[in-house]
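1. Here you go, sequence then predicted model.
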Amino acid sequence: MSVRIIIVRHVPKEKAAELRPLLLQMRSLANAQSGYISGETLVNYDDPSEHLVISTWKTLEDWNVWLRDEQRRTLQGRVDEITGSETRYSVYYNG
């Protein structure tokens, strides 16, 4: 059963350019992961600092393997450090 991952980040406007290469690198690495189906990034119209990523994976285990990936964890740590806030994750399935 496929799962959708909702990822929420708060990106201060002055940090967006600094984060972009890290987020692109993370997306590129995710694309190469087994079970990755798709992803898109949306920006909240009313609050442009809120960035929402919707990522689709074949299975929850595929997502969990990626979540534990050392390269991803390193990049994510840098992202959280730059933004000054923790990235939030939620897992959904088609009920």
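-> Now that the structure is in, tell me what you want to look at.
2. now do the same end-to-end measure for stretch 83-95.
-> 33 Å (C-alpha to C-alpha, to the nearest Å).
3. ugh, typo on my part, it should be stretch 85-95
-> End-to-end distance for stretch 85-95, by C-alpha to C-alpha: 31 Å.
4. what comes into contact with it?
-> When contacts are defined by C-beta atoms under 8 Å, 6 or more residues apart in numbering, stretch 85-95 is touched by residues 1-10, 60, 63, 67, 76, 79-80. C-betas here are computed from N, CA, C, even on glycine.
5. Give me the below-cutoff pLDDT ranges for this protein.
-> Within the chain, no stretch has pLDDT under 70.
6. show me the contacts for residue 9.
-> Per C-beta under 8 Å, 6+ apart, neighbours of residue 9: 50, 51, 53, 79, 83, 85, 87, 88.
7. out of the residues you listed, who's nearest residue 38?
-> Of all the contacts of residue 9, residue 38 sits closest to residue 53, with 10.8 Å by C-beta to C-beta.
8. Hmm, the closest one is touching residue 40, no?
-> Yes: Residue 53 lies in contact with residue 40 (C-beta atoms under 8 Å); the separation is 7.2 Å.
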